[in-house]
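**Q** following is a predicted model, sequence given first.
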Amino acid sequence: MSATLALEVSQLRVVRQHHEILKSLSFCVDSGELVGLLGPSGSGKSTLMRALLGVQAITSGSALALGETVGSPRLRRRVGYMAQSSAIYTDLSVRENLAYFAGVLGVNRSQVEHVLEVVDLRALAGRLVSSLSGGERSRVSLAVALLGAPPLLILDEPTVGLDPVLRQDLWTTFAQLAEDGTTVLVSSHVMDEAARCGRLLLLREGHLLFDDTPARLLSVTRSSAYDDAFVRLIEGAP
Amino acid sequence: MNLRRTLLTLRRIMQQLRHDPRTVALLLVVPSALVGLLAWSLQNRPGNFDVLGPRLLGIFPLTVMFLVTSVTTLRERTNGTLERLLTMPLAKGELILGYAGAFALVAIVQSALVSTLSYTWYGLSHQGIPWRVSVVALCAGLLGTSFGLALSALATTEFQAVQFMPAFILPQLLLCGLMVPVAQLPDALRYVADVLPMTAAVHAIDANQSTTYYGAQFAIMVGYIGAALVVGSTTLRRRTK
């Protein structure tokens, strides 16, 4: 696994309806890295994630995930994805949702109980999704992404709307997954979540503003808080 | 194509319906009640219900299943589950056949209920062969489902999907022979009417004693179902522009 890069993005451009959403992005991610994709809303985070997943057409440049061209059928069992919309069936129970997606992925039913444990939803497993809160729904969605322990996880704002305790727990889970060799790409527009990542990609208006560790972000911008660091980075940008 | 994933999808859709008893009740009660209302309204005109009743057994399932399927699949497109499924190892055909299978089961129950009530309580005495009428009712349900799957791709909101009902169903209702026999339509309309799916259903019901004619209309319906399912699966895109 460690021989191949988890993500290899080269001069990636995405143009949608005459708008250039991503402007020639290049970066690589090693296996087992926990990478935070940060930036204000509208900066292109979701488009980048969808491009890496193969559901967003790429205008030019290239993107490889786990050594394969993104969108390759062989990646369909190996990349876990959580979109911003919860993308689960509201008229099914939590467990029925997970059982269906587990069946489609062809993973063992015991996985369902395992991921319920990870996102702390055991107690709500029998409830209809329509009766759950927004935060609970996004945990169900995260649980679907975790089914089958895929080596690459692409998570679009998984901590939005969650209480601080649960947020903490999830970041601990992501760190644990990365330690066990899973590559985790997590987007957020909350700059303070930056500290939890081993590495940061800062996106603004489709440009990659910064690509290094959180500590380095603070030191190059001489800031003590991540919000300040981001503002200074923008002001200092040519 | 994988049968296991198709059946899983079918079961998932049935589970969704099971959690929504009101929709199931509407699916079963509304067509039965409408045919009953027609029978009652024609009580003083003996013989009329025997002609119109069987035709409605073909028309109602088509209409109801078209609506239900287009709204359900549109919901799958808009809530993100379709995108998620297409990032997983699920073939488009498996999803489409899962839907077709699940709604075919609903159509079977629906048409069995309406047919049974018509031939018993509503007093339908039809010259034709009852089981052939029921088969047409089932085909009509599948026609509605397959066209609903295909046309839901054109709608971006549920509101638009509902608007397709008058656009797709009402012209067929006017031309299918329910009100004016197809043979008496102006030439241009007759050519159009002759190739509409609902006309095939009405023809098959009207002339179901003639095995060859019935068979031909049956083949037309099956052809439409197959074609609409193929079109439906091409509207599922794994990648957006």
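**A** Okay, I see it.

**Q** which residue does chain B have closest to chain A?
**A** B:Gly80 (3.3 Å; C-beta to the nearest C-beta). No exception for glycine: its C-beta is placed from N, CA and C like everyone else's.

**Q** what does chain A have sitting close to chain B?
**A** Residues of chain A that fall close to chain B, judged by C-beta under 8 Å from any C-beta of the partner chain: A:16, A:50, A:53-57, A:71, A:73, A:76-77, A:79, A:81, A:83, A:85-93, A:96, A:100-101, A:103-106, A:128, A:144.

**Q** only whichever of those are buried, select them in ChimeraX.
**A** Selecting just the buried residues from those in ChimeraX takes one command, with 16 or more other C-beta atoms under 10 Å in any protein chain shown as the test:
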select /A:50,53,54,55,56,71,76,77,79,81,83,85,86,87,88,89,90,91,92,93,96,100,101,103,104,105,128,144
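
**Q** for the residue of chain B closest to chain A, what are phi and psi?
**A** Note on B:Gly80: its backbone torsions stand at phi 90, psi -10 [degrees, to the nearest 10].

**Q** over to A:Val186?
**A** The phi/psi pair for A:Val186 (degrees, to the nearest 10) reads phi -120, psi 130.

**Q** burial count for it?
**A** Burial measure for A:Val186: 25 neighbouring residues, criterion other C-beta atoms under 10 Å in any protein chain shown.

**Q** now the helices for chain B?
**A** Along chain B, the segments classed as helices by DSSP state H run B:3-18, B:21-41, B:48-78, B:81-86, B:92-119, B:130-151, B:158-175, B:187-194, B:197-206, B:211-234.

**Q** dump the residue contacts of residue 124.
**A** Let's take chain A. A:Leu124 makes contact with A:Val94, A:Leu132, A:Glu136 under the criterion C-beta atoms under 8 Å, 6 or more residues apart in numbering or on different chains.

**Q** wait, chain B was what I had in mind.
**A** Contacts of B:Leu124 were listed using C-beta under 8 Å, 6+ apart, and they are B:Ala39, B:Phe49, B:Asp50, B:Gly53, B:Pro54, B:Ser118.

**Q** where in chain A is pLDDT low?
**A** Filtered on pLDDT under 70, chain A yields the residue ranges A:1-3, A:237-238.

**Q** grab the nearest non-local neighbour of whichever residue of it sits closest to chain B.
**A** With C-beta to the nearest C-beta as the measure, A:Ala87 is the residue of chain A nearest to chain B, at 3.3 Å. Taking C-beta to C-beta, 6 or more residues apart in numbering or on different chains, and ignoring the residues beside it in sequence, A:Ala87 has B:Gly80 as its nearest neighbour in space, at 3.3 Å.

**Q** for B:Asn2, which non-adjacent residue is closest in space?
**A** Counting by C-beta to C-beta, 6+ apart, B:Asn2 lies nearest to B:Glu94, which is 6.1 Å off, once chain neighbours are set aside.

**Q** show me what contacts the one you found?
**A** Counted by C-beta under 8 Å, 6+ apart, B:Glu94 has contacts B:Met1, B:Asn2, B:Arg5, B:Thr6, B:Thr9.

**Q** among those, name the buried ones.
**A** With burial judged by 16+ other C-beta under 10 Å, the buried subset of these is B:Arg5, B:Thr6, B:Thr9.

**Q** of the residues you listed, closest to B:Met221?
**A** Taking C-beta to C-beta as the measure, B:Met221 lies nearest B:Thr6 of those, at 22.1 Å.

**Q** and the closest one, what is it in contact with?
**A** Remark: with contacts taken as C-beta under 8 Å, 6+ apart, B:Thr6 is in contact with B:Gly93, B:Glu94, B:Leu97, B:Gly98, B:Gly101.
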